[in-house]
Each structure stands twice: as C-alpha cells, then as structure tokens.
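**Student:** Build me a model from this:
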Amino acid sequence: WVKGPCEALLPADVSLADWLKLRMKEVEILDDGTLQRGEDWLLCDPQTLVAEVTESFYDSLPEDDFTDEELELRTAILDYMSSRTRGKTLTLGELAHQHAVGAARVRLMPECITLSAWLERRMGD
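**Tutor:** This is a model prediction of the structure:
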C-alpha cells in the first residue's frame, strides 16, 4: 500500500528501497524485503523523550510574547469562542476538534503537547 504512492513521488531512477536506505537509517531492510526498526530507533524511554521534546518546545518560545504560530492558534480559539452562543458550555474536546484550532495546533506544537497544557502554560487565566 506504500509502494505505489511512494514510487509516484520518487525520481524514476530511485527505488523505494534505496531511498529508505539513504534517508531512514533507523530502518533496516531485511533480506526478505521486510522492514525492521534498527537498534538506534529510540535511545531513551518514551517518557524521557516526551519530557525532552516538551521542554525543548517551551524553551524555544519567547517568555513575554507569542510567536506567529501561537497568535494563529490563539486567534482560532478566540474566534471560535466568540462565535458560540453566550452561556453555552464549551468543552476542551469540542474546541480541539474545530478545524481552524486543530490546524493551527498542528503547525505550532509537537503532538505530545496537549492543547490544555499549552493553554495553561502560555495563555494562563
């Protein structure tokens, strides 16, 4: 299911196997053609990796301002909130499933960071 679409994107003289060997060194191609994660796939436990990615993300943000991507997410959230009927309860799940909010979130932050965590840490009260 991967081979057809990948071959359409690769130059005619580059095979999928060659591209994988060159660009995805953590994936090993076995003699029977199956793929296997190499030994260097993940050098630390997942919780440590998530913590490092999370801290690295927040460390990259300005302390007293928003990035353009954060402003985009903030605007999408506030626009959706203002378009709703006053007094109607809004859940975080509903907010997260709005297209503009979800699209802005994907452009801004790693998948391991939740919308609620970003809201608490960056937008506060």
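**Student:** ok but Glu72 is inside a strand, no?
**Tutor:** No: assessed with DSSP: H, G, I helix; E, B strand; the rest coil, Glu72 is helix; it does not lie in a strand.
**Student:** I figured it was touching Met109, is that so?
**Tutor:** No: Glu72 is beyond contact range of Met109, at 11.6 Å (criterion: C-beta atoms under 8 Å). The C-beta positions use only the backbone N, C-alpha and C, and glycine is treated the same way.
**Student:** out of these two, which sits in the more crowded spot?
**Tutor:** Neighbour totals were compared for Glu72 and Met109, and Met109 leads with 22 against 18 (other C-beta atoms under 10 Å).
**Student:** hang on, isn't that one packed against Trp118?
**Tutor:** Yes: with contact defined as C-beta under 8 Å, Met109 counts as touching Trp118 (6.1 Å).
**Student:** Find the residues that touch each one of those two.
**Tutor:** Counting by C-beta atoms under 8 Å, 6 or more residues apart in numbering, Met109 and Trp118 have no shared contacts at all.
**Student:** Tell me the secondary structure of Pro110, please.
**Tutor:** Classification of Pro110 using three-state DSSP returns coil.
**Student:** now this protein, which segments are flagged as low pLDDT?
**Tutor:** Applying pLDDT under 70 to the chain flags residues 1-8, 24-26, 34-45, 125.
**Student:** please redo it, this time with the cut-off set to 50
**Tutor:** 1 (pLDDT under 50).
**Student:** In it, mark out all the helices, start to finish.
**Tutor:** Assigned by DSSP state H, the chain shows helices spanning 3-9, 16-23, 46-59, 68-83, 92-96, 99-108, 115-118.
**Student:** Switch those over to a markdown table; also include distance to Gly124.
**Tutor:** Shown next, in a markdown table, are the helices of the chain (distance: least, C-beta to C-beta, whole Å):
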| stretch | distance to Gly124 |
| --- | --- |
| helix 3-9 | 43 |
| helix 16-23 | 41 |
| helix 46-59 | 14 |
| helix 68-83 | 12 |
| helix 92-96 | 15 |
| helix 99-108 | 17 |
| helix 115-118 | 11 |
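**Student:** Which one, of these, ends up nearest to Asp32?
**Tutor:** Nearest to Asp32, of all these, is helix 16-23, at 12.4 Å by C-beta to C-beta.
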